[in-house]
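Trainee: Next one to model:
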Amino acid sequence: MARKKKPPEHVNHERWLVSYADFITLLFAFFTTLYAISTVDAKKAGKLVMSLRAVFDLDPFVSDKPMLGADSTEPPPLSGTVAPRLRPIRVSGIPSPNRQVKRMSRLIHRLTTALEIYSKSDLVRVTKEPRGVVVTLDAGGFFSSGSERLLPRPRAALDLIADTLKGVQLPVRVDGHTDSEPVRGGRFRSNWELSTSRAVTIVSYLSQKYRYPPDLLSAAGYGDTRPVVPNDTATNRAKNRRIEIVILREPAAVFPAKWVFDTQGEADD
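Mentor: Model (predicted):
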């Protein structure tokens, strides 16, 4: 019996579509990858720049060129994409603003309560300023005229201040101020030297007697350059003769470098 011949196969004229579809798919994957790489890098760079600026306050380093990630110069997102939400990172050891405010408020309350008896006689004043908590000492009540040596009786007030600051561990700067009257006699040649030596005496007292961390202490002398009232009367000049113990708001991690003075143990008991 003769075999039946198979009908001739139909020639497929659309086989090229398979290769074309593969080519289009590869092109799509290639350009999608390029787009993904470019957008991811931009977002990461923007987040990094904004976070660092928010934490370290880099305003002095702002340039004229647009900065990637800045709100005012960042280009609008492409259609169909979501702009990245930039949030500042938190550095370990630096308290949050709300926590810092509460911390300073508690410190003011503790100092005001401890020094209430001295505040009534204007020997000590506690105030809150943008730079931090300021404890102002009447220099006439703590030092003899033209001298940097602490008087015995007001040391009790200084002991209360030091005892309150022991558990705070905040940077403390002691500022010395005088009136405009020139220094006459003694071992100091100017109000600059007198104000600085008095500030150093307080710093040395806190460090040596109460073991306050030396790296958190600094001293500065301003002479008569920063009066609180005009030096036109004896009462006003007495107000300008003062020592300011400033408990700074800045964290210790960014506390600036300090001069170290040799007090030769003059604040010892």
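Trainee: Please, where are all the helices along the stretch 101-250 of the chain?
Mentor: 116-119, 139-142, 155-165, 191-210, 234-240 (DSSP state H, counting those that start in this stretch).
Trainee: looking at these, which is closest to I108?
Mentor: helix 155-165 (10.4 Å; C-beta to C-beta). Quick note: C-beta positions are derived from backbone N, CA and C, even for glycine.
Trainee: same for that closest one, what does it pack against?
Mentor: Secondary structure elements in contact with helix 155-165, counted by 3 or more C-beta pairs under 8 Å, 6 or more residues apart in numbering; DSSP states H and E, are helix 97-114, strand 132-138, helix 191-210.
Trainee: how about a cut-off of 7 Å?
Mentor: Counting contacts by 3 or more C-beta pairs under 7 Å, 6 or more residues apart in numbering; DSSP states H and E, helix 155-165 packs against helix 97-114, helix 191-210.
Trainee: got a list of contacts for that helix?
Mentor: With C-beta atoms under 7 Å, 6 or more residues apart in numbering as the test, helix 155-165 has contacts from 110-111, 114-115, 118, 123-124, 135, 172, 205-206, 210, 212, 245, 247.
Trainee: What of stretch 171-180?
Mentor: 165, 191, 194-196, 198-199, 202-203, 216-224, 226, 231, 237, 240-248, 250, 252, 255.
Trainee: next one: stretch 187-197
Mentor: Contact with stretch 187-197 is made by G146, E148, G176, H177, T178, V183, A219, G221, Y222, G223, D224, as judged by C-beta under 7 Å, 6+ apart.
Trainee: Please export the C-alpha coordinates of that stretch as CSV.
Mentor: Written as CSV, here are the backbone C-alpha positions of stretch 187-197 (Å, rounded to 0.1, in the frame of the first residue of the first chain):
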residue,chain,number,x,y,z
ARG,A,187,51.0,93.1,90.3
PHE,A,188,48.5,93.6,87.4
ARG,A,189,49.3,96.1,84.7
SER,A,190,45.9,96.3,83.1
ASN,A,191,42.2,95.4,83.5
TRP,A,192,42.8,92.6,80.9
GLU,A,193,45.2,90.8,83.2
LEU,A,194,43.0,91.3,86.3
SER,A,195,39.8,90.0,84.7
THR,A,196,41.6,87.1,83.1
SER,A,197,43.3,86.1,86.3
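Trainee: Mind listing what's buried along that stretch?
Mentor: F188, N191, W192, E193, L194, S195, T196, S197 (16 or more other C-beta atoms under 10 Å).
Trainee: Report the mean confidence score over it.
Mentor: Averaging pLDDT along stretch 187-197 gives 93.
Trainee: Just to check, D138 is in contact with L123?
Mentor: Yes: D138 is within contact range of L123, at 5.2 Å (criterion: C-beta atoms under 7 Å).
Trainee: thinking again about what came up before, can you say which of the contacts of helix 155-165 are buried?
Mentor: With burial judged by 16+ other C-beta under 10 Å, the buried subset of the contacts of helix 155-165 is 110-111, 114-115, 118, 123-124, 135, 172, 205-206, 212, 245, 247.
Trainee: Would you point out the most distant pair within those?
Mentor: Every pair of the buried ones among the contacts of helix 155-165 checked by C-beta to C-beta; the farthest is L123 and Y212, at 21.3 Å.
Trainee: Tell me the one of the buried residues of stretch 187-197 nearest F23?
Mentor: Nearest to F23 among the buried residues of stretch 187-197, with distances taken as C-beta to C-beta, is T196, at 80.8 Å.
Trainee: residue ranges for the strands of the stretch 1-150 of the chain, please.
Mentor: 124-129, 132-138 (DSSP state E, counting those that start in this stretch).
Trainee: Now the longest one: buried residues?
Mentor: It stands for strand 132-138. Result for strand 132-138 [16+ other C-beta under 10 Å]: buried residues G132, V133, V134, V135, T136, L137, D138.
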